[in-house]
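Engineer: here is my input; please provide its structure:
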Amino acid sequence: MSAPTLELRSGESWRDPFPMYRALRDHDPVHRVEAGGPTGSFWFLSRFDDVFTAVRDTDTFSSAHGLTVDSDSPGTQMGDATPIVFMDPPDHTTMRRLVGRGFTPRQVTELEDGIRTFAVERIEQLRSDGSGDLIAGLFKPLPSFVVAYYLGVPPEDRVRFDGWTEQIVAAAAQGNIGATEGIADLLGYFSELIEKRRTDPGDDMVSQLVQLGEDDVSILWVLGFAFTMVTGGNDTTTGLLGGSAVLLTEHRDERRRLLDDPGLLPGAVEEFLRLTSPVQGLARTATRDVEVGGTVVPAGDKVLLGYGAANRDEREFGPTAEALDVDRDIARHLTFGYGAHHCLGAAAARLQARIALEELLARCPDFSVDAAAGEYATGNYVRRHLSLPFSTQS
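Structural biologist: Residues are numbered from 1 along each chain as shown. Down below sits the predicted model:
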């Protein structure tokens, strides 16, 4: 057997990265990738315990130099507009405390009626048509609706907002965020919205942050936070939902368990999160020489934390780690990160998944998706479908 190697995936190659992950976990869990193409040298961690330890150790594994393996990660040189994801404690802790007020489970559940209405309308259209693209019909527009709600985008502006979102998410996946007109349009729009919210605040996140005043957060930072919401809250949820539909099509016995006992669905969402891992990995930079699994990672090196690989590690999840079990008892997983950088939008993503899958199963219990004909988006870090053919019948 040849030595396992890591290939950064994108587009079609995202279809099945899991044998590669398994080989790395078993034979080279602290894997060195030499410089080549657009990236420099970096390390890849694939076992759960190693990734879990690293993601919690923000002193040793820093986010301040970017979350990609490129030497110059976009977003880290934005001054006052630097997004929270590129901060380490204590700055990260301060900003997270401010923005976290809008992401409590109680506040997230206030969204439930709106999400359900949106999902039912889209599912009923698909059911009426009998077939269609499940991504375009539901799984892409739903998270855009939720992000717009959080940011206080008025209903009359949602069509424009959705267009900008689509452009920016696509550009971000290519690491080419500055090359799209959508970013200028979106930032201009939010500059105006921020000024409006100074005198006419609402219940949205932008209003909450603006009302804190310049002493706590700058207007540029509010702008950076809005941008982070757009880039981080859309394609990840689309990846979760599309991947879940594929799993439910491939595992009819597990689908039957959910149909027979809908009360299993909240727990099943955790299993879908674990197996889909929309963010397959993010990078950190070692701040000191650190030993991982008996290998020394030198200070200054990039380390790619393999969430998608770690979430299927038999050492953590047992011999059936790579199989769907909607009643699996999951103590922890890495889909939302862990510790200081645990995803702020986790509760919102869980809520969207629970409602969308609940309504899909109730209204189209015999649905199927054609996984082989589905297309994957480009980009090395988020695994998501661009399209996924859907039928109301098996």
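Engineer: surely residue 283 meets residue 69?
Structural biologist: Yes. Counting by CB atoms under 8 Å, residue 283 does reach residue 69; the two are 5.0 Å apart. To be clear about C-beta, it is placed using only N, CA and C from the backbone, and glycine gets the same treatment.
Engineer: wait, residue 384 touches residue 277, no?
Structural biologist: No. The criterion here is CB under 8 Å, and residue 384 misses it with residue 277 at 10.9 Å.
Engineer: contact partners of stretch 44-59?
Structural biologist: Where contact means CB atoms under 8 Å, 6 or more residues apart in numbering, the residues beyond stretch 44-59 that reach it are 6, 21, 24-25, 29-31, 33, 60-61, 88-89, 92, 281, 284, 287, 292-293, 303-307, 309-311, 313, 315-317, 332, 334, 337-341.
Engineer: give me the below-cutoff pLDDT ranges for the chain.
Structural biologist: Within the chain, the ranges that satisfy pLDDT under 70 run 1, 37-38, 71-108, 171-182, 213-218.
Engineer: helix or strand: which one has the most centrally placed residue in it?
Structural biologist: The structure's the chain has its C-alpha centroid closest to residue 236; by CA atoms, centre = their mean the separation is 3.1 Å. Per DSSP states H and E: residue 236 is located in helix 235-250.
Engineer: all helices of the stretch 1-150 of the chain, in order?
Structural biologist: For the stretch 1-150 of the chain, applying DSSP state H, counting those that start in this stretch gives helices covering 18-27, 48-56, 91-99, 105-109, 112-129, 134, 141-151.
Engineer: show me what contacts residue 368?
Structural biologist: Residue 368 neighbours (CB under 8 Å, 6+ apart): 249, 390, 391, 393, 394.
Engineer: in helices, which of those appear?
Structural biologist: Judged by DSSP state H, the contacts of residue 368 include residue 249 as members of helices.
Engineer: could you point out which of the contacts of residue 368 is nearest to residue 228?
Structural biologist: residue 390 (30.6 Å; CB to CB).
Engineer: and residue 318, how far is that from residue 331?
Structural biologist: 11 Å (CB to CB, to the nearest Å).
Engineer: which one of these two has more residues nearby?
Structural biologist: With other CB atoms under 10 Å as the criterion, residue 318 and residue 331 differ in neighbour count, and residue 318 comes out ahead with 12 against 7.
Engineer: distance between the ends of stretch 247-265?
Structural biologist: Stretch 247-265 has an end-to-end distance of 14 Å (CA to CA, to the nearest Å).
Engineer: got the contact list for that stretch?
Structural biologist: Under CB under 8 Å, 6+ apart, the answer for stretch 247-265 is 268, 272, 275-276, 323-327, 354, 357-358, 361-362, 365, 367-369, 371, 394.
Engineer: what about 10 Å?
Structural biologist: The contact list for stretch 247-265, computed with CB atoms under 10 Å, 6 or more residues apart in numbering, reads 268, 271-272, 275-276, 323-327, 353-355, 357-358, 360-362, 365-371, 388, 390-391, 394.
Engineer: mind listing what's buried along that stretch?
Structural biologist: 247, 248, 249, 254, 255, 257, 258, 264, 265 (16 or more other CB atoms under 10 Å).
Engineer: distance from the helix or strand where residue 355 lies to the middle of the chain?
Structural biologist: Here residue 355 sits within helix 346-363, counting by DSSP H and E. Computed by CA atoms, centre = their mean, to the nearest Å, the chain-centroid distance of helix 346-363 equals 15 Å.
Engineer: now for that helix, which elements pack on it?
Structural biologist: helix 105-109, helix 112-129, helix 141-151, helix 235-250, helix 252-260, helix 265-276 (3 or more CB pairs under 10 Å, 6 or more residues apart in numbering; DSSP states H and E).
Engineer: rerun at 7 Å
Structural biologist: helix 105-109, helix 112-129, helix 141-151, helix 235-250, helix 265-276 (3 or more CB pairs under 7 Å, 6 or more residues apart in numbering; DSSP states H and E).
Engineer: following the last one, which helix or strand shows up next?
Structural biologist: Following the chain from helix 265-276 toward its C-terminal end, the next helix or strand by DSSP H and E is strand 282-286.
Engineer: quick one: that next one to helix 48-56, angle?
Structural biologist: 70 degrees (axes from the mean of the first three to the mean of the last three CA atoms, to 10 degrees).
Engineer: residues in contact with the next helix or strand after strand 282-286?
Structural biologist: Using DSSP H and E, the helix or strand that follows strand 282-286 in sequence is strand 290-292. Residues outside strand 290-292 that contact it (CB atoms under 7 Å, 6 or more residues apart in numbering): 30, 45, 50, 60, 297.
Engineer: ranking those by neighbours, who comes first?
Structural biologist: residue 45 (31 neighbours).
Engineer: residues contacting residue 244?
Structural biologist: Counting by CB under 7 Å, 6+ apart, residue 244 makes contact with 272, 276, 353, 357.
Engineer: and which of those is nearest residue 122?
Structural biologist: residue 357 (13.2 Å).
Engineer: near the closest one, how many other residues are there?
Structural biologist: The criterion is other CB under 10 Å. On that basis, residue 357 has 22 neighbouring residues.
Engineer: picking up where we left off before, could I have the buried ones of the contacts of stretch 44-59 as PyMOL selection syntax?
Structural biologist: Buried members of the contacts of stretch 44-59, defined by 16+ other CB under 10 Å, are picked up in PyMOL with:
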select buried, resi 6+21+24+25+29+30+31+33+60+61+88+92+281+284+287+292+303+304+305+306+307+309+310+311+313+316+317+334+337+338+340+341
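Engineer: let's see which of the contacts of stretch 44-59 end up in strands.
Structural biologist: Judged by DSSP state E, the subset of those located in strands is 30, 31, 33, 61, 284, 292, 303, 304, 305.
Engineer: can I get these in a markdown table with distance to residue 166?
Structural biologist: Formatted as a markdown table, the ones in strands among the contacts of stretch 44-59 follow (distance: CB to CB, whole Å):
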| residue | distance to residue 166 |
| --- | --- |
| 30 | 38 |
| 31 | 34 |
| 33 | 31 |
| 61 | 32 |
| 284 | 29 |
| 292 | 38 |
| 303 | 32 |
| 304 | 27 |
| 305 | 28 |
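Engineer: quick one on the thing from earlier: out of the contacts of residue 244, the closest to residue 223 would be?
Structural biologist: For the contacts of residue 244, the nearest to residue 223 is residue 353 (28.9 Å; CB to CB).
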